[in-house]
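Peer 1: sequence and predicted structure, then a few things I'm wondering about:
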Amino acid sequence: MAATATTRRSNKTSAETNAETAREVLMHAARIQLASVSAASKFLVGWAQAADRYAQKLSEELLARARGETASSELVGRLAAASSVHLNEITSLPNAAGRHFNRQLTSAPKPSTKRSKELS
């Protein structure tokens, strides 16, 4: 009889431990999903801002040429420089998004051990 009571108590503790483990896995998956969405939005915002800066720079250079403020021989060099800056900004976006993702995961609260201690 004592063995049966001990087995029931062990099974209940095991079931509670499994439920807690499942909850922790689901919470970790949710943190990963939220960090992914946040990193993706950071990437898209960075892309939009870089595209806006590029369009503004091209517009300024073309208007300066149209007004006669720059020579036509200078225009190609200025547009190439603006394109180079834009490409550097764009190519840095994936790394920035990755760093943001990692920061989101490392700053996320860890699962509470309070409940685990209660189960022990």
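Peer 2: Perfect, I can see it now. Just so it is clear, the structure is predicted and the values come from calculations on it, not from any experiment.
Peer 1: please count neighbours and contacts with C-alpha atoms only from this point.
Peer 2: Fine.
Peer 1: element containing G68, please.
Peer 2: For G68, there is no helix or strand it lies in under DSSP states H and E.
Peer 1: which SSE is the residue most central in space within the chain in?
Peer 2: The residue lying closest to the centre of the chain (C-alpha atoms, centre = their mean) is A39, at 2.0 Å. Take DSSP H and E as the rule and A39 turns out to sit in helix 2-66.
Peer 1: centre of the chain versus that helix, how much separation?
Peer 2: Taking C-alpha atoms, centre = their mean, to the nearest Å, one finds the center of helix 2-66 at 7 Å from the center of the full chain.
Peer 1: next structured bit after it?
Peer 2: helix 72-107.
Peer 1: ok, back up a step: now do the same contact list for the residue nearest to the centre of the chain.
Peer 2: Taking C-alpha atoms under 8 Å, 6 or more residues apart in numbering, we find A39 in contact with 97-98, 100-101.
Peer 1: just the buried members of those residues?
Peer 2: Among the contacts of A39, those scoring as buried are 97-98, 100-101 (criterion: 16 or more other C-alpha atoms under 10 Å).
Peer 1: returning to what we had before: can I get the contacts of A39 in TSV with pLDDT and distance to S73?
Peer 2: As requested, the contacts of A39 are exported to TSV (pLDDT from 0 to 100; distance: C-alpha to C-alpha, whole Å):
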residue	pLDDT	distance to S73
A97	96	38
G98	95	40
H100	95	42
F101	95	44
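Peer 1: between those residues, which is closest to T13?
Peer 2: Here the nearest of the contacts of A39 to T13, counting by C-alpha to C-alpha, is F101; it sits at 35.5 Å.
Peer 1: good, we can wrap up now.
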